[in-house]
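Novice: Turn this into a structure:
(one chain, ligands or ions: 1)
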Amino acid sequence: MTTVVGEPIDRVEAPAKVMGVAVYAAEFVLRDLAYAAVCVSEIPRGRIAAIDVTAAEQAPGVIAVITHENAARLPYHQRAKRPVVDPQDGERLHVLQGPEILFAGQPVAIVIAETQEQADQGAALIDINYAQEPAITALRAAQSHPPSEHNEEAGRGGEVTQGDPDAALAAAPVRVSITCSHAREHHAAMEPHATIAHWDGDCLTLYDKTQWVDNVRAELAHVFGIAEKQVRVISPFVGGAFGSALRAWPHVTLAALAARHVGRPVLLELTRRQTFSSIGFRPYTEQNVELGADRAGRLAGVIHTARAQTSMYEEYAEVTLAPTRSLYHCANIRTHYELVSLNTNTPCPMRGPGTATGLLALEMAMDELAEKVGLDPVELRIRNQSMRDQARDLPWSSNELAACYRTGSERFGWNRRRSQPRMIHDGNWLIGYGMATAYYPSHRSKARAQVSLFANGTALVRSAASDMGPGTYTAMTQLAADALQLPTEAVHFELGDTAMPEAPVHGGSITLASVGNAVVAACRAVQDKLKGLDPTGRIPLTEVLQRSGFECLDVEASAAPGVETETYASAAFGSVFAEVRVDPDFGITRVPRVVGVYDVGRVINPKVARSQIVGGMVGGIGMALLEHAEWDERLGKVMNANLAEYLVPVNADVEDLDVQFVPSEDRIFNPLGSKGLAEIAICGVAPAIANAVYNATGKRVRHLPILPEKLLH
Ligand code: MOS
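Specialist: Take a look at the predicted model:
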């Protein structure tokens, strides 16, 4: 029997996507569908003094206009336990429940019409009088506060100290202290967020762009005060998300509110501009890293602080400082995290949330330490590698980071690097090399899957998972095909429907290790059931089924983490090497080459895995050189809220990306042996580029992105 797991097969859903057959949230065809347009606040703080909707109501095609004055009051019940992807404190935005304005871009009215154009036209005719109040929009001027107890419990606490970092730093012969920041970044996915809401009596069906159908179901049930079984969420395809579709955003509630108000199904699609204020973003964060080391470069003390923005109504916190406590061996560490509440919408996870940005600061500081000690940056990291997760004092379930450094150095040609900056030229271009460590903790959650094996030799496998692009459809098909001894063409995998067996969030790189093991468990359960009919175990499963006279066998099973989570720490590791070319006259930075070598455990599909990492590397180039919200402190608004001015890397910005996986299989972490490879793809890329820019130019640009003007002075 040949196996397909580990083979670089094409994405099973690719033809559907390429031919436009794949149906995204806004594309579902419903009878009697009405269209919604959202009208948002122009001020960052205050109240609606008066709102005049007369002209909007009389506009052609307009069915209804809903404001806080006529919207149904919603119960907004608390959830017993907040999902880990949600802010752990504060209260979600209550839409159209009162006149209060907490940020610019807050929904203040919704217009429902026969066509999208009529709805947009109606929204433009709404006249609002605001009573504006002074807003807090500048991070540097605002008071910061420690995260709440709930964030502490979720591992995003304020201060953690181990040993005596102050004394260790004071005594250290070599010290480095850096201050850095990264910009507020937006997900800028191809598919804007969209929801179609449809009520049938008291039952609500939502076609939504989401990474977690079960979460949207639970949230909407609580918001409307109905039972979860009265809500069904359908989301077969997601056109990119990176964390922006983990939670149910206010516009999902708006769509359901509007549909109930007009008694028709309603489509609400955010405009591109609205995606900058109606969903979350990667919060602007300032960091400070102090490293103390002995003359051999061994870390003696580390103090890492971060200050990040959140909103006025919710406390969103990140694990920014966690890598610093786990990655490098050091007995004396303090991490300190603070939040600043601003009049803006609530931030949310964006690929490698916290981890990628915490690593950014740590890895830039490590580069400077290597220089001060006079040690090669790779050697410095090897010398400080932690053989245990020192934060939890547990051994790693697997760790091939040393192999990543070795292979990465070789493939990149790291030995050609000159430690002195500005030593390599190509005509007018300055050439620089830089590297950084990549790291992302591996987690898994309980998941269920159902297998229907048919006597005709095909199988249908289902789980309420999601596929925002990493290849869930393909990997699950491969796993089921092998476990059922069927060709991949005979296996059909379905996801994205709350009617399917429950799956955890499609985030935090957990899908493969969670849903994948459930799929295999369900296939094994099929084998077990058929064993009685074929004790030899040699007859193909579908043939056993045929002989038994059954048309179909349905089996459901689940998989969950066990005691290994208490005895081991698990993580994916990698090393990232970047070459840059900087034009010193124009300050332009190009990235001709990135080499990334990763330990992600077992790779189910090398082609899809490579493409997943390539996507993250592109995001890393964006973080390093391009992506930033232009935040106007006077208005409390993102001024470049469009894809013409919010720059992401395009083909011309991306050259040679080399992705390698070192041999690795983590059977302690989970039976499949895969560790997850989504978030790690962006980790380490931006600091490798920043370090390369220093090597090229002798300038340490600490505030990302590294825009041309920052290299000119
Ligand atoms: Mo990922 S930021 O958990 O979608």
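
Novice: Now the element after the helix or strand of the chain with the lowest mean pLDDT, going C-ward?
Specialist: Lowest on mean pLDDT, DSSP states H and E among the helices and strands of the chain sits helix 541-548, with a mean of 87. Proceeding N to C from helix 541-548, the next assigned helix or strand is strand 552-559, under DSSP states H and E.

Novice: What is the neighbour count of Pro671?
Specialist: Counted with other C-beta atoms under 10 Å, residues neighbouring Pro671 total 14. All C-beta spots, glycine's among them, are computed from the backbone N, C-alpha and C.

Novice: for it, phi and psi?
Specialist: Main-chain torsions, Pro671, degrees, to the nearest 10: phi -60, psi -30.

Novice: quick one: the closest residue to it other than its chain neighbours from Ser452, how far?
Specialist: In space, and not counting its chain neighbours, Pro671 is closest to Asn517: 5.7 Å by C-beta to C-beta, 6 or more residues apart in numbering. Note on Asn517: its distance to Ser452, by C-beta to C-beta, to the nearest Å, is 19 Å.

Novice: So between those two, which is more surrounded?
Specialist: For Asn517 versus Ser452, neighbours defined as other C-beta under 10 Å are more numerous around Asn517 (24 against 17).

Novice: Tell me who's in contact with the residue of the stretch 1-150 of the chain found nearest the ligand.
Specialist: Relative to the ligand, the nearest point of the stretch 1-150 of the chain is Val85 (6.8 Å; C-beta to the nearest ligand atom). By C-beta atoms under 8 Å, 6 or more residues apart in numbering, Val85 lies in contact with Trp212, Asn215, Gly243, Leu246, Arg247, Cys348, Pro349, Val505, Gly507, Gly508.

Novice: wouldn't the fourth one be in contact with Gln211 here?
Specialist: Yes: counting by C-beta atoms under 8 Å, Leu246 touches Gln211, with 5.1 Å between them.

Novice: shared neighbours, those two?
Specialist: Contacts common to Leu246 and Gln211, judged by C-beta under 8 Å, 6+ apart, are Val505, Gly507.

Novice: need the residues of the chain near the ligand, please.
Specialist: Proximity of the chain to the ligand (C-beta under 6 Å from any ligand atom) is limited to residues Gln211, Phe242, Gly243, Leu246, Pro349, Met350, Arg351, Pro353, Gly507, Gly508, Glu679.

Novice: could you dump those residues to JSON lines with secondary structure and distance to Thr324?
Specialist: Output for those, formatted as JSON lines (DSSP: H, G, I helix; E, B strand; the rest coil; distance: C-beta to C-beta, whole Å):
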{"residue": "Gln211", "secondary structure": "coil", "distance to Thr324": "27"}
{"residue": "Phe242", "secondary structure": "coil", "distance to Thr324": "23"}
{"residue": "Gly243", "secondary structure": "coil", "distance to Thr324": "21"}
{"residue": "Leu246", "secondary structure": "coil", "distance to Thr324": "24"}
{"residue": "Pro349", "secondary structure": "coil", "distance to Thr324": "19"}
{"residue": "Met350", "secondary structure": "coil", "distance to Thr324": "20"}
{"residue": "Arg351", "secondary structure": "coil", "distance to Thr324": "19"}
{"residue": "Pro353", "secondary structure": "coil", "distance to Thr324": "15"}
{"residue": "Gly507", "secondary structure": "coil", "distance to Thr324": "22"}
{"residue": "Gly508", "secondary structure": "coil", "distance to Thr324": "19"}
{"residue": "Glu679", "secondary structure": "helix", "distance to Thr324": "17"}
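
Novice: For the ligand, what is the nearest residue in the stretch 151-300 of the chain?
Specialist: Gly243 (2.8 Å).

Novice: quick one, strands of the stretch 201-350 of the chain?
Specialist: 203-208, 231-234, 266-269, 285-293, 299-311, 314-315, 333-342 (DSSP state E, counting those that start in this stretch).

Novice: so where is the protein shaky, pLDDT-wise?
Specialist: 1 (pLDDT under 70).

Novice: Longest helix of it, counting residues only.
Specialist: The helix that spans the most residues within the chain, counting by DSSP state H, is helix 355-373.

Novice: Distance from the chain centre to it, please.
Specialist: Relative to its chain's centre, helix 355-373 lies at 23 Å (C-alpha atoms, centre = their mean, to the nearest Å).

Novice: What is the subsequent helix or strand relative to it?
Specialist: Using DSSP H and E, the first helix or strand after helix 355-373 is helix 377-384.

Novice: Just give me the closest of the residues of the chain next to the ligand to Glu665.
Specialist: Closest to Glu665 out of these is Glu679 (20.1 Å), distances taken as C-beta to C-beta.

Novice: ok, the closest one - contacts?
Specialist: By C-beta under 8 Å, 6+ apart, the neighbours of Glu679 are Arg351, Gly352, Pro353, Thr355, Ala356, Tyr440, Gly508, Ser509, Gly616.

Novice: State the distance from the fifth one to Pro349.
Specialist: When C-beta to C-beta is the yardstick, Ala356 and Pro349 sit 10 Å from each other.

Novice: which one of those two has more residues nearby?
Specialist: Per other C-beta under 10 Å, whichever of Ala356 and Pro349 has more neighbours is Ala356, with 31 against 28.

Novice: my guess is the more buried one meets Met623, correct?
Specialist: Yes: counting by C-beta under 8 Å, Met623 is a contact partner of Ala356 at 7.4 Å.

Novice: list residues touching both of these two?
Specialist: The contact lists of Ala356 and Met623 share Ile682, Ala686, where a contact means C-beta under 8 Å, 6+ apart.

Novice: Now the residue of the stretch 1-150 of the chain closest to the ligand: closest residue in space, sequence neighbours ignored.
Specialist: Leaving out its chain neighbours, the residue that sits closest to Val85 by C-beta to C-beta, 6+ apart is Leu246, at 4.0 Å.

Novice: Tell me the spacing between the closest residue in space to Cys203 that isn't next to it in sequence and Arg92.
Specialist: Leaving aside its sequence neighbours, Cys203 sits nearest to Gln230 (C-beta to C-beta, 6+ apart; 4.8 Å). Going from Gln230 to Arg92 by C-beta to C-beta gives 20 Å.

Novice: Neighbour count: those two, which is higher?
Specialist: Arg92 (22 against 17).

Novice: just to confirm, which helix or strand has that one in it?
Specialist: For Arg92, there is no enclosing helix or strand under DSSP H and E.

Novice: Backbone dihedrals for it, please?
Specialist: The phi/psi pair for Arg92 (degrees, to the nearest 10) is phi -60, psi 160.
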